[in-house]
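Undergrad: build me a structure from this.
(chains A and B)
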Amino acid sequence: MPEQKAKRSVFVVDDDIEFAKSVQFLLSSVNLNVRLFDSAENFLAALKKEDEGCVLIDVRMPGMSGLEAQHLLADTAPTLPIIIMTAHGDIEMAVRAMKDGAMDFIQKPFNDQRLIDLINKAMKLNTALNDKHHHKIKLRERLHELSPREHEVLDLIVEGNTNKEIGYRLGIADKTVEAHRAKIMEKTKARTLQDLMKLIFSIAGDK
Amino acid sequence: MLTRTPLALCVLAWLMLVQSVPAEDLTREKAPIDKVSATKISQLIPVKVGILAFRGKQEALENWTPTADYLSESIAGYSFRIIPLSLEEMEDEVSKGNLEFTLTNSGHYITLASNYGGSRLVTMNTRGTSSQENVTGSVIFTRADRKDITKLQDLRGKTFMSVAPKAFCYEMAWQRLQEHGINPNKDFAKLLFVGFPQDYIASAVQNGKIDAGNIRTGLLEEMAAEGKIKLSDFRILAQKKLKGFPYITSTKTYPQWPFIKLRHTDKLLAQKVAIALLSMGHDSKAARIGKYAGWTVPLDYTPVHNLFKQLQIGPYANTGPITASKIIKQYGPWIGVAIAMLTFMFAWSMRTEVLVRSRTRELSQTNKELANQITERHRAEETARQRQAELARVGEMNSMGEFASGIAHELNHPLATITNYATGCIRRMKTGQENKEEMVEILERISRQATRASQIIGGLRDNMREDKRERNLTNINELVSELPDLLEFNLKNSSTKLQLELADALPTALVDPVQIEQVLLNLVGNGIDAMKTASSKERSIKVTTARNERSDIIVTISDTGPGISGEMRGKIFYPFVSTKNEGMGLGLSISCSIMKDHGGQLWIEETGEQGTMFRFNLPAGETSLNA
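TA: Below is the predicted model:
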């Protein structure tokens, strides 16, 4: 069992607090830090930006449902993987949750090993998502260092233009384009054109 | 219609406003042309003199330019220029203040003076054959050989030609015709206005293109003198002999053309012009070329005013007793528009009213129908509600599937909680993390959750216990007949056919109809579910009623599903045994106990290869009563 970072938590959200406590008892046997919430509203209110881990949330609750909370979490905490807890016969809800981006679902009563496996998987996913998130931030910072002209050249490179075409489009010499290009590669720490493209596409769509 | 009245008033007010606009023009101040007198510039000040070009513009220019030159010579510092104009053009130029002086016929003068201000300076003398004349009249004539036209009244229904509706010579003729009871606007077969020059009218009459016509006095004589016509070819109608007037005329005579000073024209200049014109010799070059005989002091134009009053034209157009026909004539188009609008509004409001009425009628009809439907539906709903409430009391829910999922959800929480605690304990004990106090506490919690689960089940059992239900003599066939309606949705969804075979003369049974219905629903529902999971070619369920030799009622429910294995057969009537994934396994056990309560029995028949057949018997009511 891999050691978990202390600050990481499994956020268990269920209106049946007795049940939530039993989950906490089970998960603490494998040294997982568990935080309990009796409603989605309370959970969302308590959630902080720096919180890491994963969410185990009941699909059916009075007030905000697990699915609704899942939608809100997609915006506020995109790096927290979500496992939906469903009751017997809630297959439809589980399918919907998966379609909406839940990592997985688990039916009550749990098979303890399956639950623990799922939680571990979610924790790993959380690490990956966080790394990716931070990487993106870093990449975006690098792009911010580009001058307006270098941005223009970059846009044309991404469009697939040659140096000559870019020079023609911007009304500058090929040599100048070459110089801008070198500068862009240096600032973005991209070694090849492919690196550069990957970088651009990896942060495309979430400016 | 009351609500329309203000609108009509608005329309009328607006019409009056539109009509009053020219009156405003009358009072509009023209910018005075001070430069005419006040400036001492060495350059010549241009002075424009409008001339009514009744014989064409070129001729007017040629005829009158010498007069303008005469004025330019006589009055230092000014350059007079002739502007030949038609009646309409002159009106337009005068209204714009483009002219300083103008020379036009007496009738037109009256109109101009009234509309735009202006006063006559001098009156023109016409050049007569023998003497100078300063009056004019109008000649109405036809061809000499027209025997059918000898007097003005004969012109009724004939064609007539004149120069222009606003030409003075036409207006004089019009007055004369009116005296003889002819209204030129109505009584002629055709009234043609051909414009200047008037010579054409004489030719047209001579050629027979038109029955009759009228021109100014003196023109016939002039044309005869020019050799264009012969006077003997024409018959003059309503000819008047006037003392001292040398020309043929059909009308009274009126003052000749006045030379008019327009409102804005400098008075001093006007005086100078008047003096210059009066001092012009009768036979001066300018007069000769202009075909007139000098100028005289301004004549009295009262007769012209009288003529206009009689005809109600020019400045008198809107005077005299107000008659409907006059109003229509004047405001015709507007009244037409107003009437059209009012008619339209009336029609619209009528249409709206009719529509509203018919719609109201339709609506109230629909309402009645709806009310009926609602009452019916209410009754139906009430029946359904009662039925449902009763069914609910038997099994909490109509369908065992929904019922099961509800119960499952309730039971799931304590069970899931127990599972978690138990597995948590096992994990701890396996890894040696157990702590006695903690274990005790967890086991207490497990026990509490187990109690909670048993309470849920207990509540369920209480709900299902129906000991004191009323029993009636019931026709089982009737209960079976209701199945297609009650299961309509399920049958359609699963494409299952439901066949009923009902025995004739089936005795009634003393039963709780709701409970028996519930058993039927449960058995048929099971059949539907069984065939849903299997890929049975034909999905059909048959319900048969019959009576056996002991007069018991036998009901058989058979499906074409996969059947029940021998192993399961022995167990299916026990509680919590189910062949279905979502099933609770309560349906058959409840059905069984209901049957036992009614003194009957529920069992499963051997069917050989496939399909399932359930059968139950109920003692007939009569026997049960007799017993």
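Undergrad: need the contact list for the closest residue to A:R96 other than its chain neighbours.
TA: Counting by CB to CB, 6 or more residues apart in numbering or on different chains, A:L67 is the residue found nearest to A:R96 once chain neighbours are left out, at 6.3 Å. All C-beta atoms are positioned from the backbone trio N, CA, C, and that covers glycine. Going by CB atoms under 8 Å, 6 or more residues apart in numbering or on different chains, A:L67 touches A:59, A:84, A:93, A:96-97, A:100.
Undergrad: list the buried ones in the longest helix anywhere in chain A?
TA: Using DSSP state H, we find that the single longest helix of chain A is helix A:112-144. Within helix A:112-144, the residues that count as buried by 16 or more other CB atoms under 10 Å in any protein chain shown are A:112, A:115-116, A:118-120, A:122-123, A:125-126, A:129, A:139, A:142-143.
Undergrad: which among these gets closest to chain B?
TA: A:D112 (3.6 Å; CB to the nearest CB).
Undergrad: surely that closest one touches B:T423?
TA: Yes - using CB atoms under 8 Å, A:D112 is in contact with B:T423, at 3.6 Å.
Undergrad: what do these two both touch?
TA: Residues touching both A:D112 and B:T423 by CB under 8 Å, 6+ apart: A:L26.
Undergrad: excluding residues flanking it in the chain, which one is nearest B:Y200?
TA: B:V194 (5.6 Å).
Undergrad: and if you look at B:A204?
TA: B:I210 (4.7 Å).
Undergrad: domain parsing of chain A, as residue ranges.
TA: Residue ranges for the domains of chain A, per automatic domain parsing: A:8-133, A:145-203.
Undergrad: quickly compare these and say which is most buried.
TA: domain A:8-133 (a mean of 18; mean count of other CB atoms under 10 Å in any protein chain shown).
Undergrad: looks like B:L483 contacts B:L500 (just checking).
TA: Yes - the pair B:L483 / B:L500 is scored as a contact, 7.3 Å apart, by CB under 8 Å.
Undergrad: return every residue with contacts to both of those two.
TA: Joint contacts of B:L483 and B:L500 (CB under 8 Å, 6+ apart) are B:V543.
Undergrad: look at those two and report which has more neighbours.
TA: Just comparing B:L483 and B:L500: by other CB atoms under 10 Å in any protein chain shown the higher neighbour count belongs to B:L483, 21 against 14.
Undergrad: picking up where we left off before, now flag whichever of the buried residues of helix A:112-144 is closest to A:L80.
TA: Here the nearest of those to A:L80, counting by CB to CB, is A:N126; it sits at 6.5 Å.
Undergrad: residues in contact with that closest one?
TA: A:8, A:52-54, A:79-81.
Undergrad: among these, which are in strands?
TA: Judged by DSSP state E, the contacts of A:N126 include A:8, A:52-54 as members of strands.
Undergrad: and these near chain B, which?
TA: Here nothing survives when the ones in strands among the contacts of A:N126 are matched to chain B using CB under 8 Å from any CB of the partner chain.
Undergrad: and which of the residues you listed is nearest chain B?
TA: A:C54 (17.3 Å).
Undergrad: beta partners for the closest one?
TA: In this entry, A:C54 is beta-bridged to A:V10, by DSSP bridges.
Undergrad: any idea of the pLDDT on it?
TA: We note a pLDDT of 95 for A:C54 in this prediction.
Undergrad: that one and A:A122 touch, don't they?
TA: Yes - using CB under 8 Å, A:C54 is in contact with A:A122, at 3.5 Å.
Undergrad: tell me, what's touching the two both at once?
TA: In contact with both A:C54 and A:A122: A:81, A:83, A:103, using CB under 8 Å, 6+ apart.
Undergrad: nearest the middle, which residue of chain A would you pick?
TA: Note on chain A: the residue nearest the mean C-alpha position is A:T79, at 3.1 Å, using CA atoms, centre = their mean.
Undergrad: show me the contacts for that residue.
TA: Here A:T79 is in contact with A:52, A:126, A:129-130, A:133 (CB under 8 Å, 6+ apart).
Undergrad: at 10 Å instead, please
TA: Residues near A:T79 by CB atoms under 10 Å, 6 or more residues apart in numbering or on different chains: A:51-54, A:73, A:125-134.
Undergrad: same deal with B:G281?
TA: B:287-288, B:293-294.
Undergrad: can we see that at 7 Å?
TA: Contact analysis of B:G281 by CB atoms under 7 Å, 6 or more residues apart in numbering or on different chains lists B:287, B:294.
Undergrad: before we move on, what about B:A274?
TA: B:121-122.
Undergrad: and it, what element?
TA: Element membership of B:A274 [criterion: DSSP states H and E] is helix B:267-278.
Undergrad: right, and the helix or strand after that helix?
TA: Remark: after helix B:267-278, the chain's next helix or strand is helix B:285-289, criterion DSSP H and E.
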